[in-house]
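Engineer: Below are the sequence and a predicted model for it; my questions follow.
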Amino acid sequence: DLFAQSGAQYVVLTAKHHEGFCNWDSKEAVPLSWNWNSVDVGPRRDIVAELSKAVKSAKSPTTGQPLHWGLYHSLKEWFNPLYVQDTANDYKTRTFVEEKTMPELYDLVN
């Protein structure tokens with residue numbers, strides 16, 4: 001309700017920051033995410049799921065239209081060993097993308 005009452009037309013959450021912290025239970029779909037997520041540390045909640053549900057059910061008081069929902073997912077993880085390895089290989093390897101990034105993205109959209 002706060003977003004709608006403020007006049008916002010869309011809400012975009014950072015689902016994963018560039019240091020690898022995920023705002024959903026990422027370890028279930030991507031074992032390489034270990035416990036660095038909002039379900040295992042910090043608020044101990046699936047922030048992506050909760051905010052998604054709230055935003056999708058809200059309507060703008062000025063237009064009556066549903067709010068738009070979006071996610072930002074950082075494609076880099078500066079300190080992830082797989083990312084560091086791909087960077088050292090001048091991105092000729094895609095281990096980080098194939099084993100970490102793509103599984104996370106599939107998890108988010110499904």
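Structural biologist: It's in.
Engineer: so Q85 touches R94, yeah?
Structural biologist: No. Judged on C-beta atoms under 8 Å, Q85 makes no contact with R94 at a distance of 10.5 Å. C-betas here are computed from N, CA, C, even on glycine.
Engineer: Give me the buried positions along the strand or helix carrying A54.
Structural biologist: Taking DSSP states H and E as the definition, one finds A54 inside helix 47-57. Within helix 47-57, the residues that count as buried by 16 or more other C-beta atoms under 10 Å are I47, V48, L51, S52, A54, V55.
Engineer: how far away is the fourth one from L75?
Structural biologist: Separation of S52 from L75 (C-beta to C-beta, to the nearest Å): 20 Å.
Engineer: What segments of the chain are helices?
Structural biologist: Taking DSSP state H, the helices of the chain run over residues 2-5, 47-57, 81-88, 95-96, 102-109.
Engineer: so L71 bridges to which residues?
Structural biologist: Counting by DSSP bridges, L71 forms beta bridges with L13.
Engineer: ok, it - contacts?
Structural biologist: V12, L13, T14, A15, V48, L108 (C-beta atoms under 8 Å, 6 or more residues apart in numbering).
Engineer: nearest residue to the third one other than its sequence neighbours?
Structural biologist: Right, the one you point to is T14. Ranked by C-beta to C-beta, 6 or more residues apart in numbering and with sequence neighbours excluded, the top spatial neighbour of T14 is Y72, at 4.8 Å.
Engineer: Next, the contact list for that neighbour, please.
Structural biologist: Applying C-beta under 8 Å, 6+ apart to Y72 gives the contacts V12, L13, T14, A15.
Engineer: ok, the buried residues of helix 47-57 vs E104, which is closest?
Structural biologist: Set against E104, the nearest of the buried residues of helix 47-57 by C-beta to C-beta is V48 (11.2 Å).
Engineer: For that closest one, give its distance to R94.
Structural biologist: From V48 to R94 the distance is 25 Å (C-beta to C-beta).
Engineer: G42 too?
Structural biologist: For G42, the distance to R94 equals 30 Å [C-beta to C-beta].
Engineer: S38: how many residues sit nearby?
Structural biologist: Residues lying near S38 (other C-beta atoms under 10 Å) number 20.
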